[in-house]
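K.L.:
Sequence isn't available, so here's the structure alone:
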């Protein structure tokens, strides 16, 4: 991975037939965005959807870089924070697009973290029944996970991401230089999504995280770039094999490790109270504890999971929302089948499974200890 803006980026290919695309990872990519977008033949007019934190830092420079290549964009800004993943903000954006002269040859650039990526992706998937999307993630969480794979979504008061669509981007441009401006809390939250890849299917990457996690959160640029590359390569393989989460036990649903618990925490606390990655971190520990109670994960492995999360400064327990409240929120999860909550659990470090075949008493015991 290069450390200068003049180096060539690393590339990860998401293989989806005619809809395949590249993830570019490197330093200074936003300043050369026009060079990378031009071969995609997206058209000459588009919009950049961003938030109030990111706009002042990067939107102007991105617009200049695109203008040099004959690409014109208008910047549309939403308030920073999880609350912007809403029908209200989506509708506000929809109402603005026709006046900007966008047509089916136009495009949307998502410039920001996971909230912006999900919201802008939803807008791109819906407007004119779908226009081109480019993801330009600026947070660690978005670079390692949410910008890749085509999931878009907005929240409802009942739960997270209950409205959405699969809409693959034409490219993902992950500029690692943007991580220099992230608060450490945001870096930690992104790291939780990085760890997930190692736990569900890459034991060697989990060991890498044990050795290097503190440095990734601490700001080591080279190790951050390696973490992004390895996490994206893993996710690209999973998405290429199961794009729409149709495999019941061992496909893309595995990427939801910690999310059934985590989404319940976010909904209970009000979106924005806990960062998504913080809730996922606590959820990963709860999933590991459930796996241990079922006899699938031994005590030593459980201790390693807890230690990895704790060393990164992430929570290993959730808020006191109560067992019944947690179960009612978890029942809204998209993996529920015939009224039964299906969980992503661990049979070993590096071996995840999606299962509804577990003792409900074990889940209740874990919730009572971790969320009550």
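P.N.:
Everything's here; your move. What you see is a predicted model, and the numbers here were worked out from it, not measured in a lab. Numbering: from 1, shown residues only.
K.L.:
you'd agree residue 216 is up against residue 192?
P.N.:
No. Contact between residue 216 and residue 192 fails when scored by Cβ atoms under 8 Å: they sit 11.3 Å apart. C-beta: built from backbone N, CA, C; applies to glycine.
K.L.:
Overlap in contacts, these two.
P.N.:
Common contacts of residue 216 and residue 192 (Cβ atoms under 8 Å, 6 or more residues apart in numbering): none found.
K.L.:
For residue 93, which three-state class applies?
P.N.:
helix (DSSP: H, G, I helix; E, B strand; the rest coil).
K.L.:
Quick check: phi and psi at the spatially closest residue to it that is not a sequence neighbour.
P.N.:
Distances taken as Cβ to Cβ, 6 or more residues apart in numbering put residue 123 closest to residue 93, at 5.1 Å, once the chain neighbours are dropped. For residue 123, the backbone dihedrals (degrees, to the nearest 10) come out as phi -60, psi -50.
K.L.:
go on, residue 337?
P.N.:
phi -130, psi 130.
K.L.:
quick one, what contacts it?
P.N.:
residue 356.
K.L.:
do you know how far it is from residue 150?
P.N.:
Relative to residue 150, residue 337 is positioned 23 Å away (criterion: Cβ to Cβ, to the nearest Å).
K.L.:
How about residue 186?
P.N.:
Residue 186 is 23 Å from residue 150, by Cβ to Cβ.
K.L.:
How about residue 38?
P.N.:
23 Å.
K.L.:
More neighbours: which of those two?
P.N.:
residue 150 (21 against 13; other Cβ atoms under 10 Å).
K.L.:
re the thing from before, what about the residue nearest to residue 93, how many neighbours?
P.N.:
The burial count for residue 123: 27, using other Cβ under 10 Å.
K.L.:
for residue 86, same thing?
P.N.:
19.
K.L.:
mind listing what it touches?
P.N.:
By Cβ under 8 Å, 6+ apart, the residues touching residue 86 are 154-155.
K.L.:
so what pLDDT did it get?
P.N.:
Per-residue confidence (pLDDT) for residue 86: 97.
K.L.:
now residue 369: how far from residue 362?
P.N.:
Residue 369 is 11 Å from residue 362, by Cβ to Cβ.
K.L.:
ok, the residue nearest to residue 93 - contacts?
P.N.:
49, 90, 93-94, 97, 108.
K.L.:
Just the closest of those residues to residue 271, please.
P.N.:
residue 90 (14.6 Å; Cβ to Cβ).
K.L.:
Can you tell me the element that closest one falls in?
P.N.:
helix 87-96 (DSSP states H and E).
K.L.:
right, and the helix or strand after that helix?
P.N.:
Assigned by DSSP H and E, the successor of helix 87-96 is strand 107-112.
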